[in-house]
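**Q** Quick one, structure for this:
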Amino acid sequence: MPSVCFYFQVHQPVRLRHYPFFLIGHNHEYEDERANAEIMRKVAAKCYLPTNRTLRDLIRRYDGRFKVAFSITGVAIEQMQRYSPETLASFQELVATGGAEILGETYYHSLAAVFDENEFREQVAEHSALMRSLFGVQPKVFRNTELIYRDRIGELAGEMGFDAVIAEGADDILDWRSPDFVYNVNGHDTRLLLKNYRLSDDVAFRFSNRRTPPVSRPRPRRERWPAAITSPTNSNGL
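**A** Here you go, the predicted model:
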């Protein structure tokens, strides 16, 4: 039976305030602090905190056999520290169980990997330093923004000490190959872990859709889950 690998992306962008033309040169407060606070607290109450409690209980119930991974951006962490410290504490509690892994990524959830390798390296190093400071762990698996990948990104991740990279299991790149196997970065020992986007989308958008009765859902979709769990593959990345 293959492993089912859950990883969760946690990001909150910084909201910008309305900035009229006539404030240029006179007012340098560009961020909407009120919106940032309201949204972070709302998402924390409805999503982060209840989800983390559920994950914590599952980790304890199955004595460490249930594991998850989190990719948490630096700007999300900053807003947790500022507006919802209990949310940051809940992530720290999860990591302390040993059942939650922290992934590396760009500090600002940026596209630096596509445009500037030096900036990319700096942001990844800054993010790793923050993870060591707050969680006491050194990320060993890298997840780029929006799972954007090319061989050079995999090479850079390996050079920075990461053992593996998570990427999108894109059909046009994989061709006939399955995303449910562990691959290697081209010409390197760094592992390449792919997301099975079909299964992932089932969980995120369709599995809990109560407006569509299960018996009326397309048969192939319902069959993907048992087929994935019993197929002779290495893993299913969600």
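
**Q** Show me which helix or strand of the chain is least confident by mean pLDDT.
**A** helix 219-230 (a mean of 52; mean pLDDT, DSSP states H and E).

**Q** What ranges in the protein fall below the confidence cut-off?
**A** For the chain, the stretches with pLDDT under 70 are 1-3, 19, 21-22, 27, 30, 201, 203-238.

**Q** for it, which strand is longest?
**A** strand 3-10 (DSSP state E).

**Q** so what does it touch, helix or strand wise?
**A** strand 68-72, strand 235-237 (3 or more Cβ pairs under 8 Å, 6 or more residues apart in numbering; DSSP states H and E). Quick note: C-beta positions are derived from backbone N, CA and C, even for glycine.

**Q** What are the boundaries of the helices in the chain?
**A** Secondary structure of the chain (DSSP state H): helices at 33-43, 49-61, 74-83, 85-96, 112-115, 117-135, 151-159, 171-174, 197-201, 219-230.

**Q** Would you mind writing the CA trace of the fifth one as PDB?
**A** Spelled out, that is helix 112-115. What follows is helix 112-115, C-alpha atoms only, in PDB (Å, rounded to 0.1, in the frame of the first residue of the first chain):
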ATOM      1  CA  ALA A 112      12.200  34.800  -7.100                       C
ATOM      2  CA  ALA A 113      13.200  31.300  -8.400                       C
ATOM      3  CA  VAL A 114      12.000  32.400 -11.900                       C
ATOM      4  CA  PHE A 115      13.800  35.700 -12.000                       C
END
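
**Q** sorry, back to before: parallel or antiparallel, which strands does the longest strand of the chain pair with?
**A** strand 68-72 (parallel), strand 235-237 (parallel) (DSSP bridges).

**Q** Settle this for me: Ala44 is touching Leu88, isn't it.
**A** No: between Ala44 and Leu88 there is no contact under Cβ atoms under 8 Å: 9.6 Å.

**Q** what sits in contact with each of these two?
**A** Common contacts of Ala44 and Leu88 (Cβ atoms under 8 Å, 6 or more residues apart in numbering): Met80.

**Q** Show me how far the longest strand of the chain is from its chain's centre.
**A** 7 Å (Cα atoms, centre = their mean, to the nearest Å).

**Q** by how many degrees do that strand and helix 49-61 diverge?
**A** Relative orientation of strand 3-10 with respect to helix 49-61: 150 degrees, computed using axes from the mean of the first three to the mean of the last three Cα atoms, to 10 degrees.

**Q** Nearest to the spatial middle of this structure, which residue is it?
**A** The residue lying closest to the centre of the chain (Cα atoms, centre = their mean) is Gln9, at 2.5 Å.

**Q** and the closest residue in space to that residue that isn't next to it in sequence, how far is that from Glu105?
**A** Leaving aside its sequence neighbours, Gln9 sits nearest to Ser71 (Cβ to Cβ, 6 or more residues apart in numbering; 5.0 Å). Note on Ser71: its distance to Glu105, by Cβ to Cβ, to the nearest Å, is 5 Å.

**Q** got any residues that touch both of these two?
**A** Here Ser71 and Glu105 share the contacting residues Arg143, scored by Cβ under 8 Å, 6+ apart.

**Q** okay, now Pro20: neighbour count?
**A** 7 (other Cβ atoms under 10 Å).

**Q** just Glu78 next, same as before
**A** Glu78 has 17 neighbouring residues, counting by other Cβ under 10 Å.

**Q** Relative to Val182, how far out is it?
**A** From Glu78 to Val182 the distance is 34 Å (Cβ to Cβ).

**Q** Same question for Phe8.
**A** Applying Cβ to Cβ to Phe8 and Val182 gives a distance of 20 Å.

**Q** Perfect, I'm done here.
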